[in-house]
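> Okay, sequence plus prediction incoming.
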Amino acid sequence: MIIIDQLTKKYGEALVLNQLSLNIKPHEIYCLLGANGAGKTTTINLLLGFIKPTSGSAFINGLNVSENSRKTKRFLAYIPENLMLYPTLTAVENLDYFSGIGGKNLSKVQLEDFLNQAGLQKGAFHQRISTFSKGMRQKVGIAIALAKDAKTLLLDEPTSGLDPKASNEFGQLLHLLRDKGVAILMATHDLFRAKEVATQIGIMKQGVLRQQFNAQNISLPELEAAYLETMDFKELEV
Amino acid sequence: MYKYNFVYELKVLVRNGWIQLLSLLLLGLFCFAAFNGSEKVEKRKLDIQAAKTEVRESDHDMLMLLDSVEQGMEVSASRWTIPTSPTAVGNYHPRVADMSPKPLAFIAMGQSDLFTHYVKPTMTGDDFTLNFTEITNPVQQLFGSFDLSFVIVYLLPLIIIAFSYNVLSAERESGSLKLLASQPISLRNWVLQKISLRFFWVALLTIVILTLVMMFFGTNTNLKDWFSILGITIAYMLFWFTMAFLVNLQTGSSSKNAIILLGLWVVFVLLVPSVLNQLGSTLYPMPSRTLMINEMRNLKAQTVKRQDEILDNFLRDHPEYAINDPNQNRKFYHRYVAAQKLVKEELKPIINKFEQQLQKQQAWISQLRWISPAIVTQQSLSTNAGTSTADYENYRGQVIQFAEAWRTHLVPFLYNNQSFTSKDYDHLPVFTYQPLKSNDSSLSWLVLLVISIVLGATSIGLSSKSKSSSTLAT
Amino acid sequence: MIRNTFRKEVKEIIRDGRIKIAFGIVFLLLAIATWISGKQYRSVNEQHAEAKAAERLIWDNQGEKNPHSAAHYGTYAFKPKYPLSLIDQGVDKYAGSSIFLEAHKRNEAQFSKAADQTGLARFGDLTPDFVLLFIIPLLIVLLGYNAFTKEREMGTLLLLKSQGITIWKLIFGKWLALFTPIFIVTLATFVGAGAILSNLNDFGVFKWEHLGVLCLVYLCYYIIFINLVLLISSRAKKSGVALVLSLSIWIVACLAIPKAASNIAEGKHPYPTRQEFAANILMDKKEGLDGHDPWNKQAKLLEQDVMNEYGVDSLHQLPFNFDAYRMQKGEEHNAEVYFKHYNYLKIQFESQSKVYRSLATLSPFLPTRFLSMAVAKTDYSTHWDFADTAEKYRIEVQAFLNNDFAENSTYGDWSYKTGETTWKQLPTFQYAPLKLNEILWRNSSNIASIAFWLLASFGFLFITIKKF
């Protein structure tokens, strides 16, 4: 469960996030749309505790992120735009390492099971990551999230650079996670994928959440029209 | 976390080829250095051996000659070289005053390329002009020797820097840092574990290789030697790993880290020692040797003019000799020895000034050596090897004492106009070198160890207060 | 194109705070080192002049005595310090500075400064040559390691290529941007040193052209490093790799090879120990004529020869003092013995130098170091040259004194004494070091090594351009 309450972030005079409030419950996939610099990545970094908010607060599983940064990380998983793993280690070894340092001792069978659930083909389990494509690495990332038994998942443009088939597979995986009761926040430019996977969609501009939709109540052309309208909307001078 | 870091760090290091490269590099460097060192020590031993053999042979000839003279036979040797004369024994049959190498001498060349390892002080020679320096091509001295001390003091830190400058920054640059940072761990602890694991492996390799090298090249090295060499090496390595840890925590880029660590290396290994040396010789300047020569010459010129008078005074001070000189048979050496004694006494303050200044410089340096661990390590290694300045000073002191003993043993013969006989041969003084007791070298590695640990601990304390994760977002 | 690249690179260097600090430190170090060396040079020269004058006074005023006593009393030759030792101290610290010239014996120069220093001195001194030889190449590595890799990492290299640039112009622009600051620092140091030296008129002969040659040597050395660093940067994939590689080259060239070379040279062509050397000389001396010993076999032969030559049957009838004549002949024999043994040392020294020269293909540091010391007249050859001149003077002094003894007394007359007028007639010791062109000629192999390194590094850089 992710709760964002009046979250604001300023860099000096620059306001990058302005009073953002969001509530993402389990079994929900919330897609944040917006241009570059709209504040999507900032939101995710704030949830990860990588940066401290200027005001407002964020909660993961009811824990305040800025107060319990390390504890909240137990309940969340994160897949950055370009997920990089240790190139000289195999998929199983990478999974073992990342879950191990997080405090989870998993047997080989369990590790392989998670990779299997994440959709990685069996032949790649014991190959070094240096031979993997981006899609394959994303799958290992999902496996890490699964192994961690994360209650929330943060995704930063996970489908950029994936071919349509890989992107589709990735969407299926998100549904799998959603069915397990994970609350997912995904920042993306990909309107099509957002419409496909999301339960909720928000459009951000200049650090402000402009519009919110229930994904079921909006068609893709409508979403695109709403998005372009938000982007073209001239700010009134304040 | 520790178990996983331990297992996977080793896997990554082996798969990257780091452990293999490191083993080969360390093995190669240590062996080449130890070989160079032991070659020099071997030569030193052989030289001393040869000198002793030569003296044994010449003693044999001397005894034969003495025997012939005592049996009243005619001998075919120059008059003044016949060993019935005490000055002939004192000047032509000197003993070897040698400084045999300590078991660990091959570890550090130290000052051993500057000084000779055996001299033969004669009865009428000047102590202060006894030349303790060695003839070598000074280019060798300028460049220094590729010995273990060089490998440990200069190269080991560079290897450590190359091995650990980018523990954290590489994660960021390769992109795996974000995933890592989203785990419920403290990055500071994670870096600490990684660095300590690397320290563990380098230390383990060094211990194994150094032990092998010492078993192979060292002779009679005991457990205490082994322990003190390893102790100082490990402590010095720990210092550099602590530096690497500190720099890694700053989360700069890999290049920036490398440059900072390298800068630290230049400061600690190159600059601080040379600045301290410069300051030491400015604070306690050595008097001019050229002007000392002038003074010595003046003094000698005066004494030569007053030789008879000096001898008279000398005999007045030593009536025991005057009584035994019924013929007042004063020869060259009677005058010479008396004059020489006077010159020596008068020159003593000037000569002492050099020694005092050197000792003051040394005391000053040993107070300030903690500024740079490189100095502590170099000094500790050369002390263990018995090739430090203090060792050669100690040797010089013992030789001069021995020269005095040699002289005082033979002078009574001269003034009593008494012949040297084969019976007296057994009573001739013999030189045995007493090496310095190792004083603080065993302590210095402990202190260095403590310094490194305290540095590391305070940096952990400091960094926990600062926001170390803010740079992760970029 | 070249100008644009140059401007951009210089701007980047100027705007980089780290580089500014590094330059500041290097400049400060150079200034301090030059200042200290200048002070030392001055005081050493004052002492030298004082000692030289005092020694001559002592000689002249030694009083009435037999010329041979005077020969035993001896005199000293002091090694002068040359102006360029301000830049490069060379082996001065390790070679002695005064030689005692006495009858029958050739002495080594004694009292090296290193023997009067603590073990700390072996780390190196804060002198201009230390900064010039070690620190500035390190600065070049720091400035240039990412010249190309940064463009590659930021992706600007592709952009540059798409602009249709000529690669050699790009490289040359970067080369110039790297060379200019180094050139300025070097030039400033040498001009500063020159200014200090030309203000010390009283001592030595300082010539700007010598300083110019020295400056040129160092600039060549830096150009080699610049080429190597740029070469690595243009080939390496990442800045980190380029940095580690460039640094390794610095460590190997400046630290490891010189030390290893010293061990190899010493191991392959060792000098005898001082005691061994003295014992060998003594043995050879004994086999020949002993000027002091009339009963010596060679002495008896000489007696016969001389008496036959002059057609006399007693030594008393000779028109000169045979004792002195015999001593002179003994002196000449000793001189030959010394010549032989010192020649052996010289052969060892030459062989060692060959080892260094052959290893110069592995490290540009070696030829630069040797050439720099040679031009500064602080190298081992100059020391040999000085010692040989002193020995020649010693032989002359002995001949002068023995002749005086022989001509002014008769056989068996050891009571003959002479005084100040004779002592004053003794010519003073003069040592003129080699001329610059002779030094350069002698070091032609070092010059060739530097030229080889220059050509090879430029050549490789050129090949890289084609592959770029």
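Structure received. Numbering: from 1, shown residues only, chains lettered A, B, ... in the order given.
> which other helices and strands contact the strand or helix carrying C:Phe400?
For C:Phe400, the element it lies in under DSSP states H and E is helix C:380-408. Counting contacts by 3 or more CB pairs under 8 Å, 6 or more residues apart in numbering or on different chains; DSSP states H and E, helix C:380-408 is packed against helix B:138-143, helix C:67-73, strand C:75-78, strand C:98-102, helix C:322-359, helix C:365-375. For glycine as for every other residue, the C-beta is placed from the backbone atoms N, C-alpha and C.
> Please name the nearest non-neighbouring residue to the residue of chain B most remote from its centre.
Distance from the C-alpha centroid of chain B, by CA atoms, centre = their mean, peaks at B:Ser182 (53.1 Å). Among residues not flanking B:Ser182 along the chain, A:Tyr78 sits closest, at 3.7 Å (CB to CB, 6 or more residues apart in numbering or on different chains).
> can I get the CA coordinates of the one helix or strand in chain A whose mean pLDDT sits lowest in PDB?
Within chain A, no helix or strand scores below helix A:69-72, which has a mean of 84 by mean pLDDT, DSSP states H and E. Backbone C-alpha positions of helix A:69-72 (Å, rounded to 0.1, in the frame of the first residue of the first chain) are rendered in PDB as follows:
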ATOM      1  CA  SER A  69      13.800   4.600   5.100                       C
ATOM      2  CA  ARG A  70      15.500   1.300   5.600                       C
ATOM      3  CA  LYS A  71      12.500  -0.500   7.100                       C
ATOM      4  CA  THR A  72      10.200   0.500   4.300                       C
END
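> Run the chain-centre distance for that helix.
Distance, stretch centre to chain centre, for helix A:69-72: 17 Å (CA atoms, centre = their mean, to the nearest Å).
> Downstream of that helix, the next helix or strand is which one?
Next element after helix A:69-72 (DSSP H and E): strand A:76-79.
> about what we covered before: of the helices and strands packed on helix C:380-408, which stretch is the most buried?
For these, the largest average neighbour count (mean count of other CB atoms under 10 Å in any protein chain shown) is found in helix C:365-375, namely a mean of 26.
> For that helix, name the packing helices and strands.
Partner elements for helix C:365-375 (3+ CB pairs under 8 Å, 6+ apart): helix C:208-235, helix C:257-268, helix C:322-359, helix C:380-408, helix C:436-442, helix C:444-467.
> follow-up on the earlier one: tell me which residues touch the residue farthest from the centre of chain B, please.
A:Leu48, A:Lys73, A:Leu76, A:Ala77, A:Tyr78, A:Leu154 (CB atoms under 8 Å, 6 or more residues apart in numbering or on different chains).
> Narrow these to those that are buried.
A:Leu48, A:Lys73, A:Leu76, A:Ala77, A:Tyr78, A:Leu154 (16 or more other CB atoms under 10 Å in any protein chain shown).
> follow-up on the earlier one: looking at the helices and strands packed on helix C:380-408, which is closest to C:Gly173?
Evaluated over the helices and strands packed on helix C:380-408, closeness to C:Gly173 peaks at helix C:365-375, with 26.4 Å, by CB to CB.
> Can you tell me the SS state at A:Ile4?
Following DSSP: H, G, I helix; E, B strand; the rest coil, A:Ile4 is assigned to strand.
> Low-confidence regions, the stretch 101-250 of chain C specifically.
Judged by pLDDT under 70, the stretch 101-250 of chain C has its weakly predicted residues at C:201-204.
> cool, chain A as well?
For chain A, the stretches flagged by pLDDT under 70 are A:234-238.
> what residues are up against the residue of chain A found nearest chain C?
Closest contact between chain A and chain C, by CB to the nearest CB, is at A:Pro87 (13.8 Å). By CB under 8 Å, 6+ apart, A:Pro87 lies in contact with A:Arg128, A:Ile129, A:Ser130, B:Ser174.
> hmm, try it at 6 Å
Neighbour list for A:Pro87: A:Ile129, A:Ser130 [criterion: CB atoms under 6 Å, 6 or more residues apart in numbering or on different chains].
> And it, how close does it get to C:Leu126?
Here the criterion is CB to CB, to the nearest Å. By it, A:Pro87 lies 45 Å from C:Leu126.
> thinking B:Leu197 is in contact with B:Lys11, fair?
No: between B:Leu197 and B:Lys11 there is no contact under CB atoms under 6 Å: 11.5 Å.
> what do these two both touch?
Counting by CB under 6 Å, 6+ apart, nothing touches both B:Leu197 and B:Lys11.
> Where among the helices and strands packed on helix C:380-408 is average confidence lowest?
In terms of average pLDDT, helix C:67-73 trails the rest of the helices and strands packed on helix C:380-408, at a mean of 84.
> Which strands and helices lie in contact with that helix?
Judged by 3 or more CB pairs under 6 Å, 6 or more residues apart in numbering or on different chains; DSSP states H and E, helix C:67-73 is in contact with helix C:380-408.
> ok now do the closest residue to chain A within the stretch 151-300 of chain B, which residues does it touch?
Nearest residue of the stretch 151-300 of chain B to chain A: B:Gly175, at 3.1 Å (CB to the nearest CB). Counting by CB under 6 Å, 6+ apart, B:Gly175 touches A:Asn82, A:Met84.
> how close does it get to chain C?
The gap separating B:Gly175 from chain C is 14 Å, by CB to the nearest CB, to the nearest Å.
> And the helices in the stretch 151-300 of chain B?
B:156-164, B:169-174, B:177-181, B:187-217, B:223-249, B:254-265, B:272-283, B:289-305 (DSSP state H, counting those that start in this stretch).
> Could you save the ones you listed as CSV and add columns showing distance to C:Tyr221 and mean pLDDT?
Output for the helices of the stretch 151-300 of chain B, formatted as CSV (distance: least, CB to CB, whole Å; pLDDT from 0 to 100):
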stretch, distance to C:Tyr221, mean pLDDT
helix B:156-164, 22, 91
helix B:169-174, 32, 84
helix B:177-181, 41, 85
helix B:187-217, 34, 90
helix B:223-249, 29, 90
helix B:254-265, 20, 87
helix B:272-283, 21, 86
helix B:289-305, 33, 77
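> Could you provide these in a markdown table, with additional columns for distance to B:Arg396 and mean neighbour count?
Conversion of these to a markdown table gives the following (distance: least, CB to CB, whole Å; neighbours: other CB atoms under 10 Å in any protein chain shown):
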| stretch | distance to B:Arg396 | mean neighbour count |
| --- | --- | --- |
| helix B:156-164 | 32 | 22 |
| helix B:169-174 | 52 | 19 |
| helix B:177-181 | 59 | 21 |
| helix B:187-217 | 28 | 18 |
| helix B:223-249 | 24 | 21 |
| helix B:254-265 | 35 | 21 |
| helix B:272-283 | 20 | 19 |
| helix B:289-305 | 15 | 18 |
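> nearest to C:Arg15, of the ones you listed?
Ranking the helices of the stretch 151-300 of chain B by their distance to C:Arg15 (criterion: CB to CB) puts helix B:254-265 first, at 15.3 Å.
> So which other helices or strands are in contact with that closest one?
Right, helix B:254-265 is packed against helix B:223-249, helix C:239-250 by 3+ CB pairs under 6 Å, 6+ apart.
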